[in-house]
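# sequence plus predicted model, see below.
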Amino acid sequence: MNLRSLLAPGALSLSLILAACGTAPSAPPAAQSGQQLEFKLASGTYNCENQVRVRVDREIRNQVNSGISLNWNGGSYRLVRDASSSGLPRFEDRASGLVWIDLPWKSLLLDGKTNTPLINECRPA
């Protein structure tokens, strides 16, 4: 089959081309299996945008029962690992509504009630 025959008018050819273009990307392996990703990240101070600093102390016991202590804006918060559909590390304090997304290349703090970023571009000092 050559390119000319693929581009020739015809419902079958057109539908095959459109179907190939419209194929959705597959989900990450962790999301497909329900498994949560684990990154070996250190505790310490994080420098964030606008010269904001956050202290993160990790208390990882196992995938199901892990958490962090987060010191930010004069307060201290205990956030527990919340299983995310993507498998990415997500820690939440339900009382304050804070959510810490923990990635190797950067982390961020969200207001979990509005999903608004509070601090972005956080990297270990």
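Perfect, thanks for sending it. Numbers count the residues shown, from 1 in each chain.

# CA only for contacts and neighbour counts going forward, please
Noted.

# for the nearest residue to V52 once chain neighbours are set aside, what are its contacts?
Closest residue to V52 apart from its sequence neighbours, by CA to CA, 6 or more residues apart in numbering: I119 at 7.7 Å. Going by CA atoms under 8 Å, 6 or more residues apart in numbering, I119 touches 48-49, 52, 108-110.

# filter these down to the buried ones.
For those, a burial check counting by 16 or more other CA atoms under 10 Å picks out 48, 108-110.

# tell me the contacts of the nearest residue to V56 once chain neighbours are set aside?
Counting by CA to CA, 6+ apart, L70 is the residue found nearest to V56 once chain neighbours are left out, at 4.8 Å. With contact set as CA under 8 Å, 6+ apart, L70 has these partners: 54-57, 76-79.

# how near is L70 to N50?
Distance of L70 to N50, computed by CA to CA, to the nearest Å: 18 Å.

# all strands of the protein, in order?
Secondary structure of the chain (DSSP state E): strands located at 44-47, 53-60, 66-72, 75-81, 90-93, 98-102, 107-111, 116-124.

# tell me where the model's unsure across the protein.
1-34, 36-37, 39, 60-65 (pLDDT under 70).

# and of the buried ones among the contacts of I119, the nearest to R94?
Nearest to R94 out of those is L110 (CA to CA; 12.2 Å).

# residues in contact with the closest one?
98-101, 116-119.

# show the buried residues in those.
Buried among the contacts of L110 (16+ other CA under 10 Å): 98-101, 119.

# turn those into TSV, columns for distance to E38.
Converted to TSV, the buried ones among the contacts of L110 look like this (distance: CA to CA, whole Å):
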residue	distance to E38
L98	20
V99	17
W100	14
I101	12
I119	22
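
# ok, those vs K40, which is closest?
Distances from K40 to these, taken by CA to CA, are shortest for I101, at 14.1 Å.
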